[in-house]
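In: Predicted coordinates and the sequence they were generated for:
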Amino acid sequence: LGFLANIHFKKKEYELAVEMYQSCLNYFDTIRHRMQYAELLSALADVYNAAEQYKKAYSTADQAHLLVKGTNDIARQSRALIHRSYAQFQLGQREIALSYLEDVLIEVTEKRLFREQIRAYIALGKLATNRSVSLEHLMQALRIATDRDLSEYKALLYPLINDRQSDFNYSRQQLTFRDEYIQFLEDRQTANLEASEASLKAMYDLMNIEEEYEVLQLKSDYQKIEFENQRYKLIAVLIGLLLVGMLLFTWFYRKHKEKQINELELKEQITLLRERIGSLLSNANNEISLPDRDAFNQLILAPLTEKEYDILRDLIQRKSNAQIAQSHYISVNTVKFHLKNIYSKLGVSDRKRVLEKVVGLNQ
């Protein structure tokens, strides 16, 4: 994005350049990527200056300067100050802007930061109202660029110097400069052709890489979906197994309970049979008689109903629950219900105690 923004900037497509640089800024954080963020802000301020949006240029460059202020990065500090001073000059604060630029030039000269020196000289050359002073600054920048073989700055300086020299009669010096300029343009054109071929190749390579990346990304997404599906299937299987296990446990538990209930009923029947046999053996010749219902009700805790009295009579005759139910045309559960009421009204807990209670009341 930064490379594309720089291309749009050189082609004077400032809106596109601003959009690209702003997109770049979204990838960085002002805390974790402080220096990179400041670098991009300085580049954006340069675009705003070229587009003559000086207020935006000033605020952007000032923000960049605040990010690098107090650090040891003199180069980034100076770039931010140069762009800010340029915008400040255009906004009317000329003396302050020139003062800042001169301070920057002194500092970068002491630190031997040649690129920043060139930038400072170019800014001073552009802002100087006197053409001879302007030309002097630009020529000084060109000398530094030539000594350090900084062709990108030479490409920038030659048109500026040529523009300034057009108003003067430098005769031989001007002709020599123009010969150098023409030679530079030819060399630059050759270099640009080679660079264009390399750029095209790089772009095709980048497109191929992007296509491969998209394919890999699609494969990765598909694998993630497959993994999620397998995970959901596994969860469904586990839930199914858990439900089956719970159903089996419930079935076995119910069977076990039914078995226990049946065993208890059998034990109760055996106990009743034993009690009946014992009672028959001990009272073979003695039949238990039941008093009249009204008289009997006066002897117990609570009066019996007619149905309960009849069931009690059958109970005394040692009939089983099934026999009592059959004789009264009711269910065994109903018989059990009436027996519970009889037990509570007599104040006993089982059949044996009922017989003992009735015998005791008769006596």
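Out: Structure received.

In: hey, let's count contacts and neighbours off CA atoms from now on
Out: Will do.

In: Give the buried residues for the host helix or strand of Leu142.
Out: Element membership of Leu142, judged by DSSP states H and E, is helix 131-147. The neighbour-count check on helix 131-147 (16 or more other Cα atoms under 10 Å) flags Arg131, Ser134, Leu135, Glu136, His137, Leu138, Met139, Gln140, Ala141, Leu142, Ile144, Ala145 as buried.

In: Is the closest residue to the fourth one other than its chain neighbours within a helix or a strand, and which one?
Out: The shortest distance from Glu136 to any residue that is not its chain neighbour, by Cα to Cα, 6 or more residues apart in numbering, is 7.6 Å, and that residue is Gly125. The secondary structure element spanning Gly125 is helix 114-127 (assigned by DSSP H and E).

In: Give me the distance between the nearest residue to Tyr309 once chain neighbours are set aside and Leu142.
Out: Leaving aside its chain neighbours, Tyr309 sits nearest to Arg293 (6.9 Å; criterion: Cα to Cα, 6+ apart). Using Cα to Cα, to the nearest Å, one obtains 136 Å as the distance from Arg293 to Leu142.

In: Mean confidence (pLDDT) on stretch 218-231, please.
Out: Rounded to a whole number, the mean pLDDT of stretch 218-231 is 88.

In: Renumber starting at 34 from here on
Out: That works, and once the first residue is 34, the last one we named lands at stretch 251-264.

In: now that stretch, how far from the chain's geometric center?
Out: Offset of stretch 251-264 from its chain centre (Cα atoms, centre = their mean, to the nearest Å): 18 Å.

In: cool, and stretch 347-361?
Out: Using Cα atoms, centre = their mean, the distance between the centre of stretch 347-361 and that of its chain works out at 75 Å.

In: Could you do stretch 142-156 as well?
Out: The gap between the average C-alpha position of stretch 142-156 and the chain average comes to 47 Å, counting by Cα atoms, centre = their mean.

In: same thing with stretch 85-96?
Out: For stretch 85-96, the distance to the chain centre is 36 Å (Cα atoms, centre = their mean).

In: cool, stretch 127-144 as well?
Out: Relative to its chain's centre, stretch 127-144 lies at 48 Å (Cα atoms, centre = their mean).

In: In JSON lines, list the buried residues of helix 164-180 along with distance to Leu239 and pLDDT.
Out: Listed next are the buried residues of helix 164-180 as JSON lines, based on distance: Cα to Cα, whole Å; pLDDT from 0 to 100:
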{"residue": "Arg164", "distance to Leu239": "46", "pLDDT": "73"}
{"residue": "Ser167", "distance to Leu239": "43", "pLDDT": "76"}
{"residue": "Leu168", "distance to Leu239": "43", "pLDDT": "78"}
{"residue": "Glu169", "distance to Leu239": "44", "pLDDT": "81"}
{"residue": "His170", "distance to Leu239": "41", "pLDDT": "79"}
{"residue": "Leu171", "distance to Leu239": "39", "pLDDT": "80"}
{"residue": "Met172", "distance to Leu239": "40", "pLDDT": "82"}
{"residue": "Gln173", "distance to Leu239": "40", "pLDDT": "82"}
{"residue": "Ala174", "distance to Leu239": "36", "pLDDT": "83"}
{"residue": "Leu175", "distance to Leu239": "36", "pLDDT": "82"}
{"residue": "Ile177", "distance to Leu239": "36", "pLDDT": "84"}
{"residue": "Ala178", "distance to Leu239": "32", "pLDDT": "82"}
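
In: Out of these, which is nearest to Met53?
Out: When the buried residues of helix 164-180 are compared for distance to Met53 (Cα to Cα), Ala178 wins out at 28.4 Å.

In: rewinding a little: where does the residue nearest to Glu169 land on pLDDT?
Out: Predicted confidence (pLDDT) at Gly158: the value is 80.

In: Tell me if I'm right that it and Val166 touch.
Out: Yes: using Cα atoms under 8 Å, Gly158 makes contact with Val166 at a distance of 7.2 Å.

In: hmm, back to that, generate a markdown table for the buried residues of helix 164-180, with distance to Ser253 as supplementary columns.
Out: Compiled in a markdown table, those are given as follows (distance: Cα to Cα, whole Å):
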| residue | distance to Ser253 |
| --- | --- |
| Arg164 | 63 |
| Ser167 | 60 |
| Leu168 | 60 |
| Glu169 | 61 |
| His170 | 58 |
| Leu171 | 56 |
| Met172 | 57 |
| Gln173 | 57 |
| Ala174 | 53 |
| Leu175 | 53 |
| Ile177 | 53 |
| Ala178 | 50 |
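
In: If we only consider these, which is nearest to Lys290?
Out: Taking Cα to Cα as the measure, Lys290 sits nearest to Ala178 out of the buried residues of helix 164-180, at 100.5 Å.

In: Surely the closest one and Tyr186 touch.
Out: Yes: A contact is recorded between Ala178 and Tyr186 when judged using Cα under 8 Å, the distance being 6.2 Å.
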